[in-house]
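**Student:** need a structure here:
(chains A and B)
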Amino acid sequence: MASFKPTKVQFLPKLGEKVTEDTLYWKNYKSPVQIKEFGAVTKIDFSPLAPHNYAVTASTRIHVYGLHSQEPIRSFTRFRDTAYGGSFRGDGKLLVAGSEEGLIRLFDISGRVALRQFTGHSKAVHVTSFLSDGFRVVSGSDDLTFRVWDVPSAVELSSITEHTDYIRALAPSKLNPDLFVTGSYDHTVKVFDMRSGSSVMTMQHGHPVECVLLYPSEALLVSTGGRYVKIWDLLKGGQELVSLKNHHKTVTCACLSSVGNKLLTGSLDRHVKVYNSSYKVVHNFDCDASILSMAVAPDDEVVAVGMTNGVLSVRHRKHKKDKETLTSRRRRGPSYRVFVKGKNFVPRQDDFLVSKPVKQYLRKYDKQLKSFEVSKALDTALQTWTRTSKPEVTVAVIIELNRRGTLKNALAGRNEESLTKILNFLLKHIFDPRFSRPLLTVGDIVLDLYRQVLHQSPVVERQLQRLMEVLGREAELQQELLQVLGILDTLFASLTPRKEVAALAALPVDQGPQLQAA
Amino acid sequence: MVETSDIRVVRCGGSKVNLTPPIISSDSRFVLCTSGDLVKVYSTRTEEWLHSLQGHTNQVTGITLNPANHLQVYSCSVDGTVKLWDFIDGILIKTFVIGCPLFAIYVSEKHTGVLFLHVSMATDSKNECFQLVSVHLPKSAEQEVEAKEMSAVSSHISKNPSCTAFGRGVRVHFFFFLVWKGAKNAFTCIACHPTDDCIATGHEDGKIRLWRNFIHKKEYTYSTQHWHHNAVNTLCFTPEGTHLLSGGIESVLVQWQYGAGNRKEFLPRLGGSILHISASSDGQLFCTSHSDNKITVIESSFKVCGVIQGLVKGDAVLTDLMIDPRSKALVLNGKPGHLQFYSLLRDKHLYNLDIVQQEYIYEAGLDQFEVVKAAFDIKGSWLATVEERGKKSSDLEFFLKLWAFDERTQSFVLNTTITAAHTDRIISMCFSSSEETTMLVTAAEDSQFKAWCQGADDQNFWSCDFVGSYHKLNPTNCSFSADSSLLAVSFQEVITIWSPDTWEMLTTLCQPPGVIRDLCFGRLSCSKYLLGTTTKNLLCCWNLLTCELEWSTSVDVSKLQPDPFSENVAAFSYQSKHTDLFVFKPSEPRPLFTNKNVCSEKVHRAVFVPREEPLNSCDESTQWLNRSQLYFLTQNMDLLTFSTATEEDRMLSSSKQLVIDDSVAVTPFYLLLGKHRQQQQKLNTQSHPVSDKPQQTQGSVTIKELLHTPAHVLPAASVLCSMFVNSFLISNTGEMDSEKEEEDSEEEMEACDSQQELRAQGSVDEVTPKLSKAQERELKRVRKTDFSWMAGLIDSKP
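**Tutor:** Next up is the predicted model:
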């Protein structure tokens, strides 16, 4: 007598998604902590010193948060108008910020009142920064000038007007105190040397520049603007290395991770993209609103993202230690000892061994299938947890029922509530190429069974309408894809040299066979 | 043709064991079942095939134990004879010639010497009308007896033997039922309670009815019990009558408690649908026979203790017949969703490989996954299978699976499952035949063929390597050349030749009209030839060096099968309702061997099986059978083969040798004793090299006969005695010296004999003192007479 063979769940790999170390690394973040600010978050800057507090510039305030606190440790509120570009000095003790009214304020991190005020700009100052010697502050303004200020004496050292539009990006060199890079809405990126007092290099970005960023080696420069992210090689005299177009809205911010110098870009399209060293997108964070600013803490402990709706979203890295403590608290079942009890017993030579029959463990739906309770088995497979986190199990049960010829019986005689469950599942997964075939059968049977009574329930009716919409969209999409395929075919045909027989190599569009290593 | 007469078509192995209910011997040690024209005896404990009762010349249709002697069994056959066997030793005791085909046999304890048989009513067997007749067995000492004394009991009975049963009441009643066609509750089977006045009937709708008070003229009553969802195939009461066993297509053995209403026990998932159930006379064992040619032995505690599996032959073999290169076993479809490995040499089922790995639902008309294609690579380390579900192409589901041979477990382990290998049905599949690289090519109805390779070293699963097509034509067949340097794929009428190394199409071959049906490359010295058959009855042979058609003949080839060990190719052609076989070499225009009228059905599956030891026949017509043997499967699912005269002689002699050893079970004790005996024999032969031998054989024939024949079948002791004594006598041909000695000894013997005689007479006198005087005188006279003449008589006797 053969034992019951449980339902086989097929795990089909998703196409085109390869699990690499990078994706694992960037997936290893907890779900974000949301902190509400008073206005759009325009600038986030991490302190270079050990506790790595970070300053968040939003509306008329600058808040300083601790790495794990959700309440500000300190806040600077002496701005009459919107504050911009709050950034730390290299030792983390001073903070400089510009503002809408053109004033630049310098704060001691422990104090409350501004230590210095630099006046001179006639329009809003969006970017401010310390030069790497720590005694000078550079600022870029909407009045097309940028100025360099002396911190001890609070006087303007120089003012340069080379840009022809608003200056919205600034990056001082960490290696040379006299160098800094500016980006402007006039589509140019310029490198300035304070020793010569003028720009030494100009690069055409092609779009209003939103952000510039220097790699730690300062051989590479990143500029973002429009939908493009461009990497420039400064050692080759400002030659464009790569131009990336992965966002579909303006890229507003960029930063580098401290582990491995991975580039992250944030955009108005609400995505943060992580690139690997060959500038391929390896990970993608989704946010709720358009992203204006972003920063990564040293050692990639925290990724902080500021958005237009004034929400600061902070992601913390998961640590193994956290996991252990969590599981130890959650564990409730019998300990490991119970399961191995007697299993490691080695019989002596003259012992007579009576083996206990191994009990076959069956899942609940398998047990129900074994006793031919088809409706119950389907209910079990449609339980919320299975349905959401393991849809392949649900689909496997549906396939099994279909194979047994009892899918119709299992779907029949359901009330509104359980029918909505099924329809919701269909809505979510019917266009998934892995599941679409069995689910279409389910849809057909549901329609056949409940055609007479559908109008009695507005809920079900609405869901069916949505299902129709989804399927219509999917059909359109497929048609478009076929068209594209046809275009590609003609292209390939014209490209291949004329031969009697065209040997088709497996096209990437052809989806190829879905493989599963058993 | 004298030459071909020594090659003949033989039905080989794997006959149905599930045709009739199996019988358990009264000591529960043996299970008997019919298998083709044999009755096979199996051990219940070890499931081993002990021996077979050989003698019928046609299908055996029924067996039953002799009620007078529980060590004997009657068997009836379509050849019109009933034979009585001693099944423990496999000896034929008697043959009763009835004279017309028999379809079932029954006996009754109350009627000794009477058999009840199913015979066909009309003389032509096409008429589906049968009658039950009783036959009186004449008492006679002869081996073959004609029994013509028939009397009809009832007519118009169902063909199904399970629709007839015997009651064992005060009087004997026969119950028989006509199958009412069309009615939902038609009877399917019947069983009688051994003691009570009750019979149980099974119905087409799955109900079981228990009829009581049947014998008395009163109104009978019945109760209905229902569990089976389909027709009840068989019913059986246990010998005590406490339980009723029933089985049907669900393959669940149901045990109903008699008289306890609906209390029942189940034994599910036994295999194919249950066809027959029988119980041993002590009620300790049950036997169920299943549609997948299997007999299950079940203990009364509802535990399966043995499975006797024959070659499973379903309605159709979907896969080709294949040979596992490792075990040399025949591989084909077995149980649903399985591949079976069947050893043809030992006529034994080796094992089933579960391909589908899904719970099989026993329900009529359900569309199940079936293994439709399978292929082995040349070393037998990879197996590729295709399983398919769905008759229409719109709801077709199929999987391509690749199995790796695991040395540790000695079986195949699933390596890769490919869910969407093609967008349509796979038509043909073959492995490359080189030993270095394994490559699989599949051709499907989506007008593509794909080559599959094992991935790079870090990943051991298979992936697609190349997709090829030719003018959007549907491929029909694919084949690798012997050295795997060429791949031939036929697209409708065109054969394309590809190089598997570069995936470049080298050339196309075409011989219209007609779609290519079969394709194969020549082997060894004929490897430059490519053979193809078309639907328009053409057999073509191309030369691959010149890319030209070498020759072609018009013959309707239904199956083309190359021999992997020689250049020979076998072609089965179906013409005017019979199949002919041609064996030829592609290089020679004249066929090596032709056999007209091999069988009357079409042949679609054939395979060459390598022999364990090659024959060395020099005869030209039998030479092609030297290295391998050709097996083929007809549309009626008969597995046939060709056997030569020399081979049959060898088989016969080997089976004779086996007979003596068979009766002793192989126990540790036997092994010990056997060893001891062998040693003794060795010692004997060493000490008395040649001189003893003739004497030993002479004596041993009769002694062996005496010792090896069981006591109950031996003739009377008086008959035996003379035989026994005679065996000790030494024939005249011996030397004169020994004769003299013998004479002396005989004289001595005589002397003591007469003394004994005297003593006996004395005692007689003592016991019977009341003798008349005349008698006394007579006795005295006898005493005085000279007995010397008698001595002379004895002397002259030897």
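**Student:** How many neighbouring residues does the residue in chain B that chain A sits nearest to have?
**Tutor:** Proximity of chain B to chain A (CB to the nearest CB) peaks at residue B:461, 4.1 Å away. (C-beta placed from N, C-alpha, C; glycine too.) The tally of other residues near residue B:461 (other CB atoms under 10 Å in any protein chain shown) stands at 16.
**Student:** wait, doesn't it sit right on residue B:414?
**Tutor:** No: between residue B:461 and residue B:414 there is no contact under CB atoms under 8 Å: 10.4 Å.
**Student:** so where do the strands sit in the stretch 151-300 of chain B?
**Tutor:** For the stretch 151-300 of chain B, applying DSSP state E, counting those that start in this stretch gives strands covering B:164-166, B:174-176, B:187-192, B:198-203, B:207-212, B:221-226, B:232-237, B:243-248, B:253-257, B:264-267, B:274-279, B:285-290, B:294-299.
**Student:** Need these in a markdown table (columns: mean neighbour count, distance to chain A and mean pLDDT).
**Tutor:** Shown next, in a markdown table, are the strands of the stretch 151-300 of chain B (neighbours: other CB atoms under 10 Å in any protein chain shown; distance: least, CB to the nearest CB, whole Å; pLDDT from 0 to 100):
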| stretch | mean neighbour count | distance to chain A | mean pLDDT |
| --- | --- | --- | --- |
| strand B:164-166 | 20 | 28 | 59 |
| strand B:174-176 | 17 | 33 | 48 |
| strand B:187-192 | 24 | 23 | 81 |
| strand B:198-203 | 23 | 22 | 84 |
| strand B:207-212 | 18 | 19 | 85 |
| strand B:221-226 | 13 | 16 | 85 |
| strand B:232-237 | 25 | 18 | 88 |
| strand B:243-248 | 24 | 14 | 90 |
| strand B:253-257 | 21 | 10 | 90 |
| strand B:264-267 | 15 | 7 | 88 |
| strand B:274-279 | 24 | 13 | 90 |
| strand B:285-290 | 26 | 11 | 90 |
| strand B:294-299 | 22 | 8 | 89 |
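**Student:** and those as CSV, adding distance to residue B:104?
**Tutor:** As requested, the strands of the stretch 151-300 of chain B are arranged in CSV below (distance: least, CB to CB, whole Å):
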stretch, distance to residue B:104
strand B:164-166, 7
strand B:174-176, 11
strand B:187-192, 13
strand B:198-203, 17
strand B:207-212, 22
strand B:221-226, 26
strand B:232-237, 14
strand B:243-248, 19
strand B:253-257, 23
strand B:264-267, 27
strand B:274-279, 12
strand B:285-290, 15
strand B:294-299, 19
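**Student:** ok, and for the longest strand along chain B, which residues are buried?
**Tutor:** Looking across chain B with DSSP state E, the single longest strand is strand B:397-406. Of all the residues in strand B:397-406, those buried under the rule 16 or more other CB atoms under 10 Å in any protein chain shown are B:397, B:398, B:399, B:400, B:401, B:402, B:403, B:404, B:405.
**Student:** What residues does the stretch 401-550 of chain B have near chain A?
**Tutor:** For the stretch 401-550 of chain B, the residues in contact with chain A (CB under 8 Å from any CB of the partner chain) are B:414-421, B:450, B:459-464, B:466-471, B:496, B:503-505.
**Student:** which SS state does residue 26 fall under?
**Tutor:** Using chain A. helix (DSSP: H, G, I helix; E, B strand; the rest coil).
**Student:** Please refer instead to chain B.
**Tutor:** Residue B:26 ends up coil, using three-state DSSP.
**Student:** now swap in residue A:442 and tell me
**Tutor:** Strictly by three-state DSSP, residue A:442 counts as helix.
**Student:** Residue A:401 is in contact with that one, correct?
**Tutor:** No: in this structure residue A:442 lies outside contact range of residue A:401 using CB under 8 Å: 9.3 Å.
**Student:** No further queries at this time; thank you.
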